[in-house]
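Undergrad: Curious how this folds, go ahead:
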Amino acid sequence: MARRRRRSSESNVNLRKFSRVYLLVAVFAAIGCVFLLFDRGEYDASEAFRNAIECPDTSSDHCYQLYPGLIQKVRFAQTSSGEQDAVDIASRGSSVHISLQPAAADSPLLKAGTAVTVEWYVGSVVAVLIGTHAIPSTANATTYRGDFAYVGGILIWLAAVFAAMVLLNHRMSSLFAAVRILPATAEVVALATRERVLPTGTTGWVVKPRAQEALFLPLMLGLVALISARALVNPQSRLIALVGDALLFGPGVVHFALTLRNTRLMADHASITIVDWLGRKRSWPLTEIQQAAIVGVRWTDWTVPTLLFVGKDGAELFPVTSLYWHLDDIGALCVKLGIPLSFDYEPKRPRRVKPLRIALSLGASLVSALLLWLSFLPLPPSSG
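TA: Predicted structure coming up:
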C-alpha cells in the first residue's frame, strides 16, 4: 500500500511538472501566432498601399491623394534604424508635423522653403515628393520589414523545441526503463559460437559498441532545431552560423566516429581487455576482477544503466554504458567468463574533471553560442 501511494505521489508530481511545461509551450505558440497575425495584417496593408491609385476617396485603402506643400522647419535626428527627421510642412491650409526617413542622398533636399508634393493615404502623410525623389514617412506601409513575423517565428520555434524536449524525455525514460542487463540462457549459449582468434594469438570474444536509440535522440533533436532555425537566420550571416555548428558538434561527431571505429571489449579465458576511442588498450587478468556491478549513471536528466567492472582491490576498472553498448552481450560475456553480476554495489564518487577539459568545453560552447547569435544579426554595411 505504501509503495502504491509513493508511485501515485510521484505520478502526481510528474503530472504537475509536465503540465507547466505544456502550458509554457501553449503560451509561446499562442503569442507566436498572434505576432504572425499582426505581421499578416501589416503585409496586407503594404500590398494594398502598393496597388493604390490616385483618386479622391480619402477613406479607401485603394486611393491616395497628392497636394502641394512647403517645408517650414526641419529637425534632423539619427536613430538606431537610420536618419529620421521631424519636418513641418504647410499643406491643405494647415501645418502638418511628420517624421520622414530619408536616404543619405535625399537628406540634403530637406530644407526650409522647399516646395514639395505631399502624398496622403487614408488620412496620413505617407511620403513627400521633391522632384523625382520620394521620401517616405514613418506611416508609409512600404517600410514594412516583417519584424512581427521574425518574432512570431522564433516564439513558435521555441514552442516546438520545448514540446520536442518533453516528448524526448518521455521516450528516453521508457527506453532506459526497458534496458535488460541480465542475459538470457540462449544469449550465453550463442556467445560460444562467436569465439575467435584474438590479436594476441589466444582465442576469445570481441564485443563492439552499438550506439543505442537513446544516444541519437538528443543529438537528432539538436540537429533538427538548428536546421529549422536556419529560416530565421540572415542569409548573409549563415556562414557564421555554420562555423558555430562546426565548433559545437564537430568534436562530438569526431569522438563518436572514433568510438565506433576503435572501441571494443576483448576477452579470452584468462584476461579481459578494453580498447578506448583512441585505440589505447588496458588489460586485467580475470583473477583480479571481483564483479561487474549493475549501476545507474546520471546522463543529463536520465539515469543510464551501466556495467561497472570492479577489481579485487576495490578499484573501479572501467564502465560500459547502455548508450554505446548492448549490455545483454556484455552480461552474457561476464557469465561465460565467470564474473559475478552484482546489483548492490555503491559506486564511488567520480573523479573531478580536469579544469582544462572544462575550460575547453565551456570555451567552445560560448564561441558557438556567440556565432549563432551573430548569425541572427545583419552584417555591417560595406564601406565601399
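Undergrad: Identify, by residue count, the longest strand of this protein.
TA: When the chain is scanned for its longest strand (criterion: DSSP state E), the result is strand 63-75.
Undergrad: which residues are in contact with that one?
TA: 49, 52-58, 85-92, 95-96, 110-121, 126, 128-129 (C-beta atoms under 8 Å, 6 or more residues apart in numbering). The way it works is simple: take the backbone N, C-alpha and C, and place the C-beta from them, glycine included.
Undergrad: Around residue 367, how many other residues sit close by?
TA: Neighbourhood size, residue 367 [other C-beta atoms under 10 Å]: 14.
Undergrad: Which among the contacts of strand 63-75 count as buried?
TA: Buried by 16 or more other C-beta atoms under 10 Å: 49, 52, 85, 87, 89, 91, 96, 110, 114, 116, 118-121, 126, 128, out of the contacts of strand 63-75.
Undergrad: Within the helices and strands, which one has the most centrally placed residue in the chain?
TA: When C-alpha atoms, centre = their mean is applied to the chain, the residue found nearest the centroid is residue 225 (4.5 Å). Assigned by DSSP states H and E, residue 225 belongs to helix 213-229.
Undergrad: list the buried ones in that helix?
TA: 214-215, 217-218, 226, 229.
Undergrad: Make sure the residue nearest to the centre of the chain is actually in contact with residue 161.
TA: Yes: distance between residue 225 and residue 161: 5.3 Å, which falls inside the contact criterion (C-beta atoms under 8 Å).
Undergrad: follow-up on the earlier one: just checking, which of the contacts of strand 63-75 belong to strands?
TA: 53-54, 85-91, 95-96, 115-121, 126, 128-129.
Undergrad: domains of the protein?
TA: 1-51+145-178, 61-139, 180-374 (automatic domain parsing).
Undergrad: give me every residue that touches residue 229.
TA: Per C-beta under 8 Å, 6+ apart, neighbours of residue 229: residue 157.
Undergrad: Please report the distance of it from residue 245.
TA: 10 Å (C-beta to C-beta, to the nearest Å).
Undergrad: Residue 39 too?
TA: From residue 39 to residue 245 the distance is 28 Å (C-beta to C-beta).
Undergrad: what do you get for residue 73?
TA: Residue 73 is 52 Å from residue 245, by C-beta to C-beta.
Undergrad: Tell me which of those two has more neighbours.
TA: Between residue 73 and residue 245, counted using other C-beta under 10 Å, the more crowded position is residue 245 (19 against 11).
Undergrad: Could you look up the SS state of that one?
TA: Of the three states, residue 245 takes helix under DSSP: H, G, I helix; E, B strand; the rest coil.
Undergrad: That one touches residue 227, doesn't it?
TA: No: in this structure residue 245 lies outside contact range of residue 227 using C-beta under 8 Å: 9.5 Å.
Undergrad: what about the strands in the stretch 201-350 of the chain?
TA: 203-207, 264-268, 271-275, 281-285, 289-299, 302-311, 316-321, 341-342 (DSSP state E, counting those that start in this stretch).
Undergrad: For residue 270, grab the count of nearby residues.
TA: Neighbours of residue 270 (other C-beta under 10 Å): 12.
Undergrad: what's the answer for residue 69, then?
TA: Residue 69: 22 neighbours (other C-beta under 10 Å).
Undergrad: so what's it closest to, chain neighbours aside?
TA: Distance criterion C-beta to C-beta, 6 or more residues apart in numbering; nearest residue to residue 69, sequence neighbours excluded, is residue 91 at 3.4 Å.
Undergrad: pLDDT weak spots in the stretch 201-350 of the chain?
TA: Filtered on pLDDT under 70, the stretch 201-350 of the chain yields the residue ranges 230-238, 300-301, 349-350.
Undergrad: excluding its backbone neighbours, what's nearest residue 63?
TA: residue 55 (4.0 Å).
Undergrad: Per-residue pLDDT of that neighbour, please?
TA: The score at residue 55 is 90. That number is its pLDDT.
Undergrad: ok, it to residue 65 distance?
TA: 8 Å.
Undergrad: Any figure for the gap between the residue in the chain sticking out farthest from the centre and residue 164?
TA: Here the chain reaches farthest from its C-alpha mean at residue 93, the gap being 57.8 Å by C-alpha atoms, centre = their mean. According to C-beta to C-beta, residue 93 and residue 164 sit 61 Å apart.
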